[in-house]
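S.K.: just the structure for this:
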Amino acid sequence: MSILTQKTLKNKTYFSGVALHSGLDVNVCIKPAEPNFGIVFKRVDLKSDNIIYPNFNNVTNTALNTTVENEFGAKVSTIEHLMGALFGLGIDNALIEIDNEEVPILDGSAKIFIEKIILSGLQVSDAPIKIIKINKEIKYSEGERFISIKPSTLSLDIDFELKYENKIIGNQKNKVKVYEDDLRDIYNSRTYCLFEDIEIIKKKGFAKGGSLENAIVVKDKEILNPEGLRNDKEFVNHKILDCIGDLYTTGYRIVASIKCSQGGHYLTNQLLKKVFHNKENFSILEIKEKNLPHTLINKNLLKSIA
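M.R.: Got it, this is the predicted structure:
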């Protein structure tokens with residue numbers, strides 16, 4: 001298997017489940033696609049104007065999820081976990097058919113997406129991959145919350161920090177090398193909320209499909225989920241998963257070093273818009289030779305696929 005050529009699924013794969021925020025039942029079919037097709041959503045419940053590109057410029061909402069929308073008002077929300085799974089598995093091209101406006105939440109992580117895509121197999125083409133190389137440091141901040149991106153050599157490093165008054169979550173930090181580390185804890189980490197925020201979130205029209213089966217709920221010093229946490233940094237690890245998924249709205253894998261404190265979908269999207277506003281900030285490179293010291297998809301996942 002060439003690690004530097006574009007990949008798609010070998011066979012189509014299906015997902016069904018409830019949508020976290022709308023509460024709707026949703027069906028998704030991910031189909032193989034030709035080289036240079038990219039990642040594309042198709043709203044099959046709409047008869048026309050139903051193609052949506054998950055690009056950072058098409059993001060129209062970042063409140064508790066990432067939503068992308070086309071010029072005709074067709075949208076797909078909560079794309080971040082699926083996009084993170086596609087990024088991690090090195091899927092460059094796929095058609096995602098969906099029969100409603102929100103990706104199903106499944107278990108609240110990327111775990112099921114990863115497992116089922118691996119089972120479908122990968123198809124490797126002869127077309128070379130392209131990567132985004134960051135040329136200069138860019139920062140976006142709001143008060144104490146910030147995210148920055150700077151040049152790196154053949155790596156994508158994400159250094160993330162959470163700060164909560166709640167003692168269970170507290171101050172959590174983690175740093176990962178996306179193309180080198182074992183990221184199972186990242187992809188297995190679920191979305192979460194504080195118990196006292198649930199009613200506020202629901203009054204805003206969100207979390208209609210939320211439950212202990214698809215989200216961690218923290219109340220004071222207690223985790224309400226009977227099974228507890230999947231890993232001791234699950235809160236910050238989920239934020240890193242979200243970040244990876246949002247980064248894939250660039251359309252390519254990235255070589256850079258990212259640092260974030262108390263960030264989320266909004267900060268990541270604003271950073272990407274700032275980076276790509278000026279062509280001097282980045283380069284898009286086509287990789288034609290096997291001259292990299294490690295894969296541009298995670299090595300541990302590659303072992304599972306090969």
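S.K.: immediately after the helix ranked longest in the chain, which helix or strand?
M.R.: As assigned by DSSP state H, the longest helix anywhere in the chain is helix 234-247. Sequence-wise, the next helix or strand downstream of helix 234-247 (DSSP states H and E) is strand 253-261.
S.K.: what sits up against that following strand?
M.R.: Strand 253-261 is touched from outside by 87, 90, 129, 131-134, 144-161, 163, 179, 239, 243, 247, 267-268, 296-297, with contacts defined as Cβ atoms under 8 Å, 6 or more residues apart in numbering. Where you see a C-beta, it was placed from the backbone N, CA and C, and this is true even at glycine.
S.K.: pLDDT value on the residue nearest the centre of the chain, please?
M.R.: Nearest to the geometric centre of the chain sits Gly245, at 1.5 Å (Cα atoms, centre = their mean). pLDDT recorded at Gly245 is 98.
S.K.: show me the contacts for it.
M.R.: Contacts of Gly245 by Cβ under 8 Å, 6+ apart are Thr66, Ile79, Glu80, His81, Leu82, Met83, Gly84, Ala85, Phe87, Ala110.
S.K.: what distance do you get for it to Gly88?
M.R.: Computed as Cβ to Cβ, to the nearest Å, the Gly245 to Gly88 distance reads 9 Å.
S.K.: overlap of the contact sets of the two?
M.R.: By Cβ under 8 Å, 6+ apart, the residues touching both Gly245 and Gly88 are Ala110.
S.K.: right, and Asp92 touches Leu9 too?
M.R.: No: in this structure, Asp92 is not within contact of Leu9 by Cβ atoms under 8 Å, at 10.7 Å.
S.K.: can you tell me the SS state at Arg125?
M.R.: Slight slip there: residue 125 is Ser, not Arg. strand (DSSP: H, G, I helix; E, B strand; the rest coil).
S.K.: ok, it touching Lys10?
M.R.: No: Ser125 lies out of contact with Lys10 (Cβ under 8 Å); the separation is 11.6 Å.
S.K.: ok so, going back, buried ones among the contacts of strand 253-261?
M.R.: 87, 90, 129, 131-134, 146-149, 152, 155-158, 160-161, 179, 239, 243, 247, 267-268, 296-297 (16 or more other Cβ atoms under 10 Å).
S.K.: which segments of this structure make up each domain?
M.R.: Per automatic domain parsing, the domain ranges recorded for the chain read 5-129+301-305, 131-291.
S.K.: pick the most deeply packed of these.
M.R.: Per residue and on average, the most neighbours among the domains of the chain fall to domain 5-129+301-305, with a mean of 19 (mean count of other Cβ atoms under 10 Å).
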